[in-house]
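> fold the following and give me the result.
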Amino acid sequence: MKVCFTVVLSICCILSLHARTLQVPSQYSNIQSALNDCAKGDTVLVDPGNYYEHIIWPETGDIKLYSSGDKGNTSIDGSKTGRILTFDMLKKSLIDVSTEIKGFTIIRGFITLTENNPIGEGGAVYLNNAGPKFSNCNFTKNAIAATSKGDHPDLTGYGAAVYCSNSSPIFKNCMFKSNALLYLDGYGIVCAINSTVSFDKCKIIDNNLNSPPNNDPSGIIYGSGSIISIDQSTVTNNSLGSSQHASHPPEGIIAVISGSINITNSLFQNNKHALEVDDSPTGNVLYINNSDACISQVTTANNGTAVSGTYNTSLYYEHNDAHTITVQNSIFWNNHLYISEIGGVGAGTISVIYSDINMGYPGTGNIDENPDFISGKSDGDKHLQDISPCAGAGTLINAPNVDLEGNTRPLPSKTAPDMGAYEVDQSINPRFEICSESIAVFPNLAYDYIIIELPLALVGSIMEFYNSLGQIIFQTPLPNSYNVFNGLQKFPDGIYILEIKQGSKLFFTKKLILER
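Predicted coordinates for the structure are as follows:
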């Protein structure tokens, strides 16, 4: 027993030696000096305040850099004199998610490009062979810029906020706001080359790739040879271009080249291409080139060009070989288009199902109906009204179990999920019975029958049943005040419209959902 006790005590002592907490500024005057003194497993704890630093991360794994406050009162400020954080690792596996940076605003990283220094990588953060986790951080007012306004076609910025090469960072509960590439050719606020990048519960807002007409901006998030994951995130009010005519199209708010992307439970709203392009289709929101994509429970609304007449789509793909794009339970609506919401060229497979696509798109369960956002067509709240045709119109297959805000999906349980990023709680405004004055149709969700109750004045009316394409499926008289119709199992699951008429007068119209 004494031997066992001695061994355990020795192990505890050894572990304690490798788990120190280094205090800034009480023990170390700045963050860099504390990091330089870290061993594996140490934590650097930083008091609230502004720290003006350009940090080179040491070749040491499993370091935690934490604010004792939060991103609202603790910042690492680059003072517009250089990059803020550099992870340039010789060994790729050394810096993984056990290395965490949490609770900081990372602000005013700035790289200036000239003819003698024509390439800039990572205005705020540079990652090479590194995979740290950033939690509860703000990346704001970081930039890569030319020294003056005008055309600078030989200058190129990669990642105004973050540049990743052969890296695998995770961004959780982070905000990227007001970062910019200015007066040069550019790729991304976050740029990933041969990397795996995850955005979880992030906000990407008010960023700008302000390229002159002869330059070619690409992607607020840009990936080449990379795997991009975006979950429960919002991408809003970002812009590409400088409101002038261009000879080359900008490549989407999200651009993925020779890689893959997975987007779930996310909102893309009011993002703009400011460039006018001659007859060159491009993706307002998503540009997918020789890449696989899975898009589920996504709302894309009020995006587009700031210049009328521009040739555009919301999702555009170009494939030279076999790739797969899947869109389900999503909404593409009111995106200032001049072609269609989804388009592209080349080989591969694209499948769009159970989605609300403005101007329509072929696929099981798809509709082309006003989604009835709370904000309507204007910018604003993209939650669904409870009368929305998108409510309960999705499929459970491969659907996530929460929505953008973390609400359970579907609501109520044992129903179909909604289309789009937000779930409406149908138990609050139940759709299990739909009524208009003294007319009632139930159940809804329907399986193989419906019951229609009428006032005596409407006995003898005609019921018409339409599919989601507006095609009439059948019509029949309503001979009684209580009518039972069986045989609905011969129709596929989906959304239908039921109308009750007398002659040319329409008394009742409602959405009916069939689901087995």
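> run through this protein and note the low-pLDDT ranges.
Low-confidence segments of the chain (pLDDT under 70): 1-18, 150-151, 211-216, 242-250, 274-282, 306-312, 337-339, 427-437, 504.
> using the three-state scheme, assign the residue lying closest to residue 474 once chain neighbours are set aside.
Leaving out its chain neighbours, the residue that sits closest to residue 474 by Cβ to Cβ, 6 or more residues apart in numbering is residue 465, at 5.3 Å. Just so you know, the C-beta spots here come from the backbone N, C-alpha and C atoms, and that holds for glycine as well. Taking DSSP: H, G, I helix; E, B strand; the rest coil as the rule, one finds residue 465 in the strand state.
> number of nearby residues for residue 465?
For residue 465, the count of nearby residues is 18 (other Cβ atoms under 10 Å).
> who touches it in this structure?
The contact partners of residue 465, by Cβ atoms under 8 Å, 6 or more residues apart in numbering, come to 472, 473, 474, 475, 496, 497, 498.
> between the residues you listed, which sits nearest residue 97?
Set against residue 97, the nearest of those by Cβ to Cβ is residue 496 (47.4 Å).
> please tell me how far the residue nearest to residue 474 sits from residue 478.
Separation of residue 465 from residue 478 (Cβ to Cβ, to the nearest Å): 12 Å.
> could you do residue 199 as well?
Distance from residue 199 to residue 478, by Cβ to Cβ: 53 Å.
> neighbour count winner among those two?
residue 199 (24 against 20).
> surely the more buried one meets residue 230?
Yes - contact criterion Cβ atoms under 8 Å: residue 199 and residue 230 qualify, at 4.7 Å.
> shared neighbours of these two, anything?
If you check residue 199 and residue 230 against Cβ under 8 Å, 6+ apart, the residues they both contact are residue 221.
> tell me what residue 236 is bridged to.
residue 205, residue 269 (DSSP bridges).
> offset the numbering so it begins at 2, please.
In the new numbering, first residue 2, that becomes residue 237.
> neighbours around it, how many?
The tally of other residues near residue 237 (other Cβ under 10 Å) stands at 19.
> go on, residue 352?
13.
> give the contact list for it.
Neighbours of residue 352 in contact, by Cβ under 8 Å, 6+ apart: 325, 326, 327, 328, 329, 364.
> measure it to residue 334 for me?
19 Å.
> could you do residue 262 as well?
21 Å.
> same check, this time on residue 59
49 Å.
> please apply the same query to residue 344.
Residue 344 sits 16 Å away from residue 334, going by Cβ to Cβ.
> higher neighbour count, the two?
Each of residue 344 and residue 334 has its neighbours counted (other Cβ under 10 Å); residue 334 has more, 25 against 18.
> tell me the bridge partners for the more buried one.
Bridge pairing for residue 334 - DSSP bridges - gives residue 302.
> right, and it touches residue 301 too?
Yes - contact criterion Cβ under 8 Å: residue 334 and residue 301 qualify, at 7.3 Å.
> what sits in contact with each of those two?
residue 342.
> what's the first-to-last distance across stretch 398-414?
End-to-end distance of stretch 398-414: 14 Å, with Cα to Cα, to the nearest Å as the criterion.
> and which of the contacts of residue 466 is nearest residue 23?
residue 497 (64.8 Å).
> so which elements touch the helix or strand encompassing that closest one?
Taking DSSP states H and E as the definition, one finds residue 497 inside strand 495-503. Identification of packing neighbours for strand 495-503 by 3 or more Cβ pairs under 8 Å, 6 or more residues apart in numbering; DSSP states H and E yields strand 463-467, strand 506-515.
> quick one: which of the ones you listed is nearest residue 384?
Comparing the helices and strands packed on strand 495-503 against residue 384 with Cβ to Cβ, the closest turns out to be strand 506-515 (17.9 Å).
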